[in-house]
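Q: Attaching a predicted model along with its sequence, questions to come.
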Amino acid sequence: MSSQSAQGYLQWVDRFATQLRQPEEALYLLLDPFAGCTPEHPLSIASLTETLGSDAVVRVDSRGLVQDPQYWPALVQLAKPGAAPTALAALSATCAAREATATWHYVCGWLVSEQPADLIARHISQQCHVLHQPPPHGITAWFEPVRLVLLRATMRNAAQVLGPIRSWLHPDGCGSCSVFERQPPAGELVVPDAARATQHVVPQIIQLLGAWRRLNAVQQTGAPWQFTGPSGLPENAPVHAMNLLLKAFRQGLRDRADIQCMCLHMLMVHPLLLQHPTIQHDVAQAAAGIQRLASRFACYDDRAWSHIVAALPQARSYS
């Protein structure tokens, strides 16, 4: 973790806690123990309970996701209304910065609300059921940072899910943070099928983001954009990954390895590869189960890829 990255998170959290928070609002921190945290860490649930008292730590009922209550998310009050945030707020920002390249996030975000923690915790739990994935799959851990980013991208009325939470500052999966503001209800909350389907494939999207990050660390992307950042990914990377995965799926690919292979080549070679007749033929062969895509692509040397890329139009975006 660079000092610049940590400073960025500290600035985000400080501004959120001191400038964007209203005097009548409490500041909360949402933690997900499922991501792991050593018991001796000052931000562990045990440490926070000892430091702040048991009344300051409320669990979010997640029995549909994990049965053991010790792994349920915890909503922690870092500052009461009108009170300045303690050093724990800065510590949580540093922890979130360290997780910029992590697969799972312990720090899920900072929340401000006039409402008590138990009411907010119940609402977060209820929304896990409201935002359930397509049957027969289960409820959705929508509070996880990458899931929240994708929920916002696939639901026009996503801000209605916040309920008693006026504003939510969350990691964006790209090494920075984003503010999610509540909107007043505009009729009944409608969850599009596309939003549920996206939540179902989030594990594949997270896997793709990890592979993209690792490849960027060891080789220069062939795509026509350069980017720098603490996470090794460009802005809106989770949304780009989602869009590319959907493109691969629409081409008939169903095998996870084939989908990951296609998406990574679109990221590292050219975003418009699926427009090339040779690639289209390879994808059709893989979709029919004749040959895995990785085996086919392994037959192409650098010269062959250069010819393929030269035949494609210039791309304006990853997706």
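A: Perfect, thanks for sending it. Because the structure is predicted, anything quoted here is derived from the model rather than measured. Residues are numbered from 1 along each chain as shown.
Q: show me where this structure has helices.
A: Here the chain has its helices, by DSSP state H, at 3-15, 45-52, 87-98, 117-130, 145-154, 193-200, 202-218, 237-250, 256-268, 277-287, 293-297, 302-310.
Q: In JSON lines, list those along with mean neighbour count and mean pLDDT.
A: Yep, even glycine has a C-beta here, placed from its N, CA and C like the rest. Putting these into JSON lines (neighbours: other C-beta atoms under 10 Å; pLDDT from 0 to 100) gives the following:
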{"stretch": "helix 3-15", "mean neighbour count": "17", "mean pLDDT": "87"}
{"stretch": "helix 45-52", "mean neighbour count": "16", "mean pLDDT": "96"}
{"stretch": "helix 87-98", "mean neighbour count": "20", "mean pLDDT": "95"}
{"stretch": "helix 117-130", "mean neighbour count": "18", "mean pLDDT": "97"}
{"stretch": "helix 145-154", "mean neighbour count": "22", "mean pLDDT": "96"}
{"stretch": "helix 193-200", "mean neighbour count": "18", "mean pLDDT": "94"}
{"stretch": "helix 202-218", "mean neighbour count": "17", "mean pLDDT": "92"}
{"stretch": "helix 237-250", "mean neighbour count": "22", "mean pLDDT": "96"}
{"stretch": "helix 256-268", "mean neighbour count": "21", "mean pLDDT": "96"}
{"stretch": "helix 277-287", "mean neighbour count": "17", "mean pLDDT": "97"}
{"stretch": "helix 293-297", "mean neighbour count": "18", "mean pLDDT": "96"}
{"stretch": "helix 302-310", "mean neighbour count": "12", "mean pLDDT": "95"}
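Q: Would you mind giving these as TSV with distance to Leu162 added?
A: Converted to TSV, those look like this (distance: least, C-beta to C-beta, whole Å):
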stretch	distance to Leu162
helix 3-15	18
helix 45-52	23
helix 87-98	19
helix 117-130	8
helix 145-154	10
helix 193-200	15
helix 202-218	19
helix 237-250	19
helix 256-268	31
helix 277-287	40
helix 293-297	40
helix 302-310	43
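Q: Looking at those, spot the one closest to Ala74.
A: Taking C-beta to C-beta, helix 45-52 is the member of the helices of the chain nearest to Ala74, at 5.2 Å.
Q: now the closest one, how far from the chain's geometric center?
A: Its chain's C-alpha centre and that of helix 45-52 lie 27 Å apart, by C-alpha atoms, centre = their mean, to the nearest Å.
Q: The residue nearest the centre of the chain: what's it in contact with?
A: Nearest to the geometric centre of the chain sits Val146, at 0.8 Å (C-alpha atoms, centre = their mean). Contacts for Val146 (C-beta atoms under 8 Å, 6 or more residues apart in numbering) come out as 105, 173, 202, 205-206, 209, 238.
Q: from the residues you listed, which two are the most distant?
A: Taking C-beta to C-beta as the measure, the contacts of Val146 span a maximum distance of 14.1 Å, between His105 and Ile205.
Q: before we move on, back to that, from Ile206, how far out is the residue nearest to the residue nearest to the centre of the chain when sequence neighbours are not counted?
A: What sits nearest to Val146 in space, not counting adjacent residues and going by C-beta to C-beta, 6 or more residues apart in numbering, is Gly173, at 4.7 Å. Remark: distance between Gly173 and Ile206 (C-beta to C-beta, to the nearest Å) = 9 Å.
Q: Enumerate every residue touching the residue nearest to Gln207 when sequence neighbours are not counted.
A: When the adjacent residues along the chain are set aside, Gln207 lies closest to Gln260, with 6.6 Å between them (C-beta to C-beta, 6+ apart). Counting by C-beta under 8 Å, 6+ apart, Gln260 makes contact with 204, 207-208, 211.
Q: circling back: hang on, isn't the residue nearest to Val146 packed against Ser231?
A: Yes - counting by C-beta atoms under 8 Å, Gly173 does reach Ser231; the two are 7.2 Å apart.
Q: any common contacting residues for those two?
A: Shared contacts of Gly173 and Ser231 (C-beta under 8 Å, 6+ apart): Ala237.
Q: who has more neighbours, those two?
A: Neighbour totals were compared for Gly173 and Ser231, and Gly173 leads with 27 against 22 (other C-beta atoms under 10 Å).
Q: quick one: the more buried one and Arg316, what's the gap?
A: Here the criterion is C-beta to C-beta. By it, Gly173 lies 22 Å from Arg316.
Q: So Val76 is in contact with Ala56, correct?
A: Yes - using C-beta under 8 Å, Val76 is in contact with Ala56, at 6.1 Å.
Q: Pull up the overlap in contacts between these two.
A: In the contact map built from C-beta under 8 Å, 6+ apart, the residues linked to both Val76 and Ala56 are Leu48.
Q: Which one's more surrounded, those two?
A: Using other C-beta under 10 Å as the criterion, Val76 and Ala56 rank with Val76 on top: 24 against 19.
Q: Identify the residue spatially nearest to that one, adjacent ones excluded.
A: Closest residue in space to Val76, ignoring its immediate chain neighbours: Leu29 at 4.5 Å, by C-beta to C-beta, 6+ apart.
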